[in-house]
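Novice: Using only what follows, build the 3D model:
(chains A and B, ligands or ions: 2)
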Number of protein chains: 2
Amino acid sequence: MTTGQLHLNAFLMNTGHHEASWRLPESDPFAHVSLDHYIRLARIAERGSFDSLFLADGPQLWSNLAQRPAGALEPLTLLTALATATEHIGLIATASTSYNSPYNLARKFASLDIISGGRAGWNIVTTAGREAARNFGLEHEPAHADRYARAGEFLDVALKLWDSWEDDAIVGDKAAGVWGDDTKVHPPRHQGTYFSVEGALNVPRTPQGYPLLVQAGSSEDGKEFASRYAEAVFTAQQTIEDARAFYADLKSRTAAAGRDPDHIKVLPGIVPVIGATEAEALAKERELEDHIVHDHGVANLERLLQLPLGTLELDRLLPSDLPPESAVEGAKSRYTLVVELARRDRLTVRQLIGRLGGGRGHLTFAGTPEQVADAIETWFTQGAADGFNIMPPVLPSGLDAFVDHVVPILRTRGLLRAEYGPRQTLRERYGLPRPANQYAQPVHA
Amino acid sequence: MTTGQLHLNAFLMNTGHHEASWRLPESDPFAHVSLDHYIRLARIAERGSFDSLFLADGPQLWSNLAQRPAGALEPLTLLTALATATEHIGLIATASTSYNSPYNLARKFASLDIISGGRAGWNIVTTAGREAARNFGLEHEPAHADRYARAGEFLDVALKLWDSWEDDAIVGDKAAGVWGDDTKVHPPRHQGTYFSVEGALNVPRTPQGYPLLVQAGSSEDGKEFASRYAEAVFTAQQTIEDARAFYADLKSRTAAAGRDPDHIKVLPGIVPVIGATEAEALAKERELEDHIVHDHGVANLERLLQLPLGTLELDRLLPSDLPPESAVEGAKSRYTLVVELARRDRLTVRQLIGRLGGGRGHLTFAGTPEQVADAIETWFTQGAADGFNIMPPVLPSGLDAFVDHVVPILRTRGLLRAEYGPRQTLRERYGLPRPANQYAQPVHA
Ligand SMILES: Cc1cc2nc3c(=O)[nH]c(=O)nc-3n(C[C@H](O)[C@H](O)[C@H](O)COP(=O)(O)O)c2cc1C
Ligand SMILES: Cc1cc2nc3c(=O)[nH]c(=O)nc-3n(C[C@H](O)[C@H](O)[C@H](O)COP(=O)(O)O)c2cc1C
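Specialist: Residues are numbered from 1 along each chain as shown, chains lettered A, B, ... in the order given. Ligands and ions are numbered 1, 2, ... in the order given. As a prediction, this is how the structure comes out:
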């Protein structure tokens, strides 16, 4: 049974989510640092009346350069430029709680929220990996639990900063020479384990109050964090059963945390490979797989599984003695997903690399527009998703195909708005209320 | 004798540099968070073929709110939005070396440089004051010398990061499946006193290589820093004699540091109060002074002079027993400038506040467009300036007045370009060479 409108987020990444996409004739290998490329993508997504678009991030350069487009424009900077080139779509930037200061980051998101007219969102990540840690003065990656503890305190401080001006702190009384009301400004005076932050933010309260809070961790800690703070959750799910279990789990955790479970939107990722016929879609998928350079894939997999380089063999299964998730300090849930996928479908390393090449663990779905729309509708109506993180394998063509061929079907079925209508904030697009200010006195009845 | 083109930088600040500007009938008290206001200002500056525009910054909220517009859009965010609304003008953002990480900041400036087509500049500041320190986990302001030591190491790391990709690291060979050349990427592997930064930047080398490096400290440490790193220097000078001495000092320090003294451009600030007649200009200045709320001014002065609140009296001179500059840990050179100004002109506290209200220590010059142009030409041709930091007392009207009435005179006199001509990078506008990459092998002859 359809339960209203589904939400669509466009996950934009260079020439596409398939790791070999840059090698296709249509692709621009410099697209990852081209503002015009991203403006074009944002406008396609607006044509499809998407709720939002999203940029991933990590503060490190992933070696090796030979393999595929490396580096990127920093997401908050790029989204600010996109804010001026779009009108309706939400703008979600990834930023790390492990390698930023709350004061700096809160300012930047507040500024983007003002500049975009209330369209800012923050994908909150704790950043796995030693590479990032070593760019910020640390020898080792902080432990997973520490990263999430810091993330929780980071959010508490950021929320205090975003609320540090009440909405009516600005008076602007020229005649009296009184610009603002100092009693409506509330310095956090926060003294915690990870942070001490004394003063109020130097940005007034923004259209949304604060950015839409998005999260994408699927470990135990990650889900606990999401249940407390997240308003939208990105997740990688391979089967509808897994997705339904994840969905139900997150909604009930959110209720247990004292929040309305409808105020957390669950968005699994899907890599849609679209063809006019199923055969055409599968041919497109094969063309992409043919462009994979397997040596690179082996090294990536060894890094994810924390194995010494040279351990894996292309035409054999994964070793049977891999450590349990609890021994992993990096991306725990991604680790488990990949291992389970390989075991369940008895994939060789070569096959696993092919499968991961498309969506790095996200569901790849090759088919006709009808079939893609059916899959989306089924997941949506069967309690597996409130919407989807759309991850085109090739950009811009894969987003164009989705908007031109799948979006009209979703609209006809009443699952997606026909057009944006009046301007709304990102939170309004997702059907979420504007948060109250924690310092504001309730108005007397 | 005219020595070529003078450089103009538009210092944009809310409703203007005069602290009472927001109270004028023409001013929008919410302009400080209005993107449209800043777009309008940027376009006026482009009409005047300015080299650059500039935003100041500090990561703290200055109390008190009653006094004047507080808070702002974070400069790097705002400049990114302005990059998409302008075509030629350079974009200089202030950012602190004391309260940022090199990796994060280097990425943001690199991204802005790419997005703007090579128009990014960085006003490097060490950030005085306990307020900022306490927003970043510190109890006290770090000592002045420590802040500058950290700034020097920050720059060394940032320069390594910006050079970490050689210009030709990107190959983009689709057929061979080779995107980049890993031998042309150079991780800094920096281990220093303040920072350890291991990996290469995750942004390719940018149009300018790195942002134009600007600096504004006038203390001994500040000038030493400028002579090593700065390509442009902002400075507050009250008299042409002081300005000439500063100019000569900085050029000779730069030569002593082994650099071409022509590769550091000195830009004193000027607050031009423009009227059709001199009387009209003076009336405009008086109108602004009449809008000052003196209580606020006294408190600000007490903070700058590190005096207990309530020490100063409006109609008396400054106390004669003020400590020497060496005892000041905040903004040393600003302290000395204010004290000397008050002593030289025997100003009461009230008069001093009036004088500072306009330009906070910068030269305020009220006159006709001819008189303003004459002053600029004199300073420029007499070895006191390579150009000016234009600080309109009221915005947008003061910038409009400068561009409509002073700029044409400067153009007629051959001091300023008639129009931009072809696109150039910010460094090209200032007549500076694109920096070489420290890791690139010299090409064999
Ligand atoms: C759609 C999606 C996007 C993600 N984007 C990022 C990202 O941009 N940066 C990042 O560090 N992690 C990203 N992650 C990883 C998660 O934040 C998280 O670290 C990962 O899922 C492992 O979860 P866990 O740490 O809770 O085990 C993303 C995950 C998903 C599902
Ligand atoms: C035109 C101009 C603009 C400045 N802008 C800033 C600023 O945005 N942020 C800041 O912290 N300091 C700013 N300063 C202050 C200087 O960076 C420096 O701290 C001050 O001149 C004192 O110099 P000293 O620390 O070398 O004594 C500015 C100075 C001038 C002259």
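Novice: I'd say residue A:113 and residue A:107 touch.
Specialist: No: the criterion here is Cβ atoms under 8 Å, and residue A:113 misses it with residue A:107 at 10.7 Å. Where you see a C-beta, it was placed from the backbone N, CA and C, and this is true even at glycine.
Novice: Up against ligand 1, what does the stretch 251-400 of chain A have?
Specialist: Contact residues (Cβ under 6 Å from any ligand atom) of the stretch 251-400 of chain A with ligand 1: A:269, A:331, A:332, A:333, A:334, A:389.
Novice: for the stretch 1-150 of chain A, same thing?
Specialist: By Cβ under 6 Å from any ligand atom, the residues of the stretch 1-150 of chain A that approach ligand 1 are A:56, A:57, A:58, A:94, A:125, A:127, A:128.
Novice: go with 5 Å
Specialist: Near ligand 1, the residues belonging to the stretch 1-150 of chain A are A:56, A:57, A:58, A:94, A:125, A:127 when assessed by Cβ under 5 Å from any ligand atom.
Novice: Format those residues as CSV; extra columns: distance to ligand 2 and neighbour count.
Specialist: Formatted as CSV, those follow (distance: Cβ to the nearest ligand atom, whole Å; neighbours: other Cβ atoms under 10 Å in any protein chain shown):
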residue, distance to ligand 2, neighbour count
A:56, 32, 16
A:57, 27, 20
A:58, 30, 18
A:94, 28, 20
A:125, 30, 23
A:127, 29, 25
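Novice: In strands only, show me these.
Specialist: When DSSP state E defines the strands, the subset of these inside them is A:94, A:125.
Novice: Out of the residues of the stretch 1-150 of chain A next to ligand 1, which are close to chain B?
Specialist: Here is what survives when these are matched to chain B using Cβ under 8 Å from any Cβ of the partner chain: residue A:58.
Novice: ok, of the residues of the stretch 1-150 of chain A next to ligand 1, which one's closest to residue A:11?
Specialist: Using Cβ to Cβ, residue A:56 comes nearest to residue A:11 of those, at 7.2 Å.
Novice: Which strand residues bridge the residue lying closest to the closest one once chain neighbours are set aside?
Specialist: Closest residue to residue A:56 apart from its sequence neighbours, by Cβ to Cβ, 6 or more residues apart in numbering or on different chains: residue A:94 at 5.2 Å. Here residue A:94 sits in beta bridges with residue A:123, going by DSSP bridges.
Novice: And the pLDDT for residue A:94?
Specialist: pLDDT recorded at residue A:94 is 98.
Novice: wait, it sits on residue A:74?
Specialist: No: if you go by Cβ under 8 Å, residue A:94 and residue A:74 don't touch, sitting 10.2 Å apart.
Novice: where do the contact lists of those two overlap?
Specialist: Counting by Cβ atoms under 8 Å, 6 or more residues apart in numbering or on different chains, the shared contacts of residue A:94 and residue A:74 are residue A:57.
Novice: tell me the average confidence for the lengthiest helix in chain A?
Specialist: Ranked by residue count and defined by DSSP state H, the top helix of chain A is helix A:144-162. The pLDDT scores in helix A:144-162 average 98.
Novice: What residues sit buried inside that helix?
Specialist: A:144, A:147-162 (16 or more other Cβ atoms under 10 Å in any protein chain shown).
Novice: Next: stretch A:345-360.
Specialist: Applying 16+ other Cβ under 10 Å to stretch A:345-360 flags A:347-360 as buried.
Novice: swap in stretch A:232-245?
Specialist: Within stretch A:232-245, the residues that count as buried by 16+ other Cβ under 10 Å are A:232, A:233, A:234, A:235, A:236, A:237, A:238, A:240, A:242, A:243, A:244.
Novice: if we can go back for a sec, nearest to residue A:398, out of the buried residues of stretch A:345-360: which one, please.
Specialist: residue A:358 (10.7 Å).
Novice: element containing that closest one, please.
Specialist: Here residue A:358, judged by DSSP states H and E, is contained in helix A:349-359.
Novice: Strand partners (parallel or antiparallel) of the helix or strand following that helix?
Specialist: The helix or strand immediately downstream of helix A:349-359 is strand A:363-367, counting by DSSP H and E. Applying DSSP bridges, strand A:363-367 is found paired with strand A:265-274 (parallel).
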